[in-house]
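*Asks:* The sequence isn't on hand, but the structure is:
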């Protein structure tokens, strides 16, 4: 019975230590960020060409794209929705800001401006 009791205590201690370690790791994780861009399409072919290029830039910068641009947008409350909404996920708000400030993105702005009008673009940090 002494051996059984020792094993039970060891198992409980191991579980408690594992749970504490997971909590510590979770607390260290940075909050994800989401970038939302509301778009009015000026030239559909140009927007498609620009979309291919900007998706590659976002992916190379570490963004995860939800491929919502071009999907159906439905108003639920408030003002009328834009034609397109692009949403991407980033590991942190700093990573999203770095992408936005990058030369690779800025180099595509002239092409974008011919094909799309940005109504609004913003990033929001998730709350843990």
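*Replies:* Thanks, I have it. Note that the structure is a prediction, hence the values are computed from the model and not measured.
*Asks:* residues contacting residue 53?
*Replies:* If you count contacts by Cβ atoms under 8 Å, 6 or more residues apart in numbering, residue 53 has them with 108, 111. Every residue, glycine included, has its C-beta placed from N, CA and C.
*Asks:* host element of it?
*Replies:* Assigned by DSSP states H and E, residue 53 falls within helix 44-60.
*Asks:* Pull up the pairing partners for the helix or strand following that helix, direction included.
*Replies:* The element immediately downstream of helix 44-60 (helix or strand, assigned by DSSP H and E) is strand 64-65. The strands beside strand 64-65 in its sheet (DSSP bridges) come out as strand 84-90 (antiparallel).
*Asks:* per-residue confidence averaged over the partner strand?
*Replies:* Strand 84-90 carries an average pLDDT of 96.
*Asks:* ok, and what's touching it?
*Replies:* Contact with strand 84-90 is made by 32-41, 47, 58, 62-66, 68-71, 73, 96, 99, 116, 123, as judged by Cβ under 8 Å, 6+ apart.
*Asks:* What residue spans form the domains of this structure?
*Replies:* As recorded under automatic domain parsing, the domains making up the chain are 1-29, 33-125.
*Asks:* start to end distance for the longest one?
*Replies:* Which is domain 33-125. End-to-end distance of domain 33-125 (Cα to Cα, to the nearest Å): 4 Å.
*Asks:* next one: stretch 70-81
*Replies:* OK, stretch 70-81 end separation, Cα to Cα: 13 Å.
*Asks:* for stretch 62-69, same thing?
*Replies:* Termini of stretch 62-69 sit 18 Å apart (Cα to Cα).
*Asks:* My read is that residue 98 contacts residue 60, right?
*Replies:* No - look at residue 98 against residue 60 with Cβ atoms under 8 Å: they stay out of range, at 11.7 Å.
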